[in-house]
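Participant: No sequence on hand, only this structure:
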């Protein structure tokens with residue numbers, strides 16, 4: 001039985017992915033900040049699921065993750081699914097900086113700890129849910145787009161480091177488009193359900209891909225964003 005931790009799994013993609021992993025013979029530890037929702041989840045598969053309240057931006061990551069690893073009896077996979085971004089508003093520095101605290105600082109802390117653990121163990125798989133938003137800056141939520149760009153480049157750095165370590169450590173960058181998680185308050189084109197996104201993410205994890213787009217069609221948008229001239233992009 002493989003062992004996994006999902007950081008940020010009380011709602012959204014993380015919660016849906018936890019269910020997929022449990023259905024595929026994983027023993028899973030999850031964290032989240034929504035205490036009432038975590039209580040509901042605690043009734044589900046108590047033999048193979050452990051739940052911890054965890055605020056990524058607080059200085060408690062090592063203790064929480066170490067505790068989950070001990071309960072799991074090891075670790076094969078860790079998924080960073082925590083994230084925040086106010087995609088429909090631009091409310092100034094205080095709100096924008098929430099994206100930095102979680103998507104940059106907390107992400108870096110957990111990604112670094114995970115990589116160092118896998119180096120010590122000699123194997124492992126670190127997965128982060130980034131976003132197609134990380135491919136371009138945008139006026140709607142500048143900090144969110146910038147933070148996701150940081151994650152994408154940080155993961156590339158870890159992947160480069162893993163390749164040169166000659167250890168079987170996999171670094172996977174999952175770049176979703178629009179997923180119906182409640183993060184945005186209106187419908188968007190190509191918006192996938194959490195369940196569809198989670199199943200595609202699990203497929204990417206099994207194949208140990210470096211980069212995966214969810215849903216798959218967002219790869220087309222990624223190609224366009226990479227080649228579109230700046231003058232044209234700024235007119236959109």
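Facilitator: Noted; the coordinates are in hand. Note that this is a predicted model, so its numbers are computed, not measured.
Participant: Lowest mean pLDDT among the helices and strands of this protein, which one is it?
Facilitator: Least confident element among the helices and strands of the chain, by mean pLDDT, DSSP states H and E: helix 35-41 (a mean of 66).
Participant: Past it, which element shows up next along the chain?
Facilitator: Sequence-wise, the next helix or strand downstream of helix 35-41 (DSSP states H and E) is strand 49-53.
Participant: Strand partners (parallel or antiparallel) of that next one?
Facilitator: Here strand 49-53 is paired, per DSSP bridges, with strand 26-32 (parallel).
Participant: so how far is the strand it pairs with from its chain's centroid?
Facilitator: Relative to the centre of its chain, strand 26-32 is centred 14 Å away, using Cα atoms, centre = their mean, to the nearest Å.
Participant: Longest helix in the chain, please.
Facilitator: Scanning the chain for the helix with the most residues, using DSSP state H, yields helix 142-165.
Participant: hmm, who's touching that one?
Facilitator: 84-87, 90, 96-97, 99-100, 103-104, 107-108, 111, 115, 119, 126, 128, 130-131, 133-138, 169-173, 175, 210 (Cβ atoms under 8 Å, 6 or more residues apart in numbering). Every C-beta, even on glycine, is put in place using the N, C-alpha and C of the backbone.
Participant: Next, the buried residues of it.
Facilitator: By 16 or more other Cβ atoms under 10 Å, the buried positions in helix 142-165 come out as 143-152, 154-155, 158-159, 162.
Participant: now for the helix or strand just after it, which elements pack on it?
Facilitator: As assigned by DSSP H and E, the chain's next helix or strand after helix 142-165 is strand 169-176. Contacts defined by 3 or more Cβ pairs under 8 Å, 6 or more residues apart in numbering; DSSP states H and E place strand 169-176 against helix 107-121, strand 124-129, helix 142-165, helix 194-207, strand 211-214, helix 218-227.
Participant: Quickly run through the sheet partners of strand 169-176, with directions.
Facilitator: strand 124-129 (parallel), strand 211-214 (parallel).
Participant: most tightly surrounded among those strands?
Facilitator: Sort the strands paired with strand 169-176 by mean neighbour count, taking mean count of other Cβ atoms under 10 Å, and strand 124-129 sits at the top with a mean of 24.
Participant: Name the spans of the protein whose pLDDT lies under the cut-off.
Facilitator: 35-46, 85-91, 182-187 (pLDDT under 70).
Participant: Can you name the residues that contact the nearest residue to residue 216 once chain neighbours are set aside?
Facilitator: Nearest residue to residue 216 in three dimensions, chain neighbours excluded: residue 200, at 6.9 Å (Cβ to Cβ, 6 or more residues apart in numbering). Counting by Cβ under 8 Å, 6+ apart, residue 200 touches 212, 214-216.
Participant: Most widely separated two among these?
Facilitator: Maximum pairwise distance among these (Cβ to Cβ): 10.1 Å, between 212 and 215.
Participant: any idea how far residue 156 is from residue 102?
Facilitator: Distance, residue 156 to residue 102, by Cβ to Cβ, to the nearest Å: 20 Å.
Participant: What count of nearby residues applies to residue 17?
Facilitator: 29 (other Cβ atoms under 10 Å).
Participant: likewise the one 10 residues further on?
Facilitator: Residue 27 sits with 20 neighbouring residues when counted by other Cβ under 10 Å.
Participant: One more: residue 102?
Facilitator: Neighbour number of residue 102 under other Cβ under 10 Å is 19.
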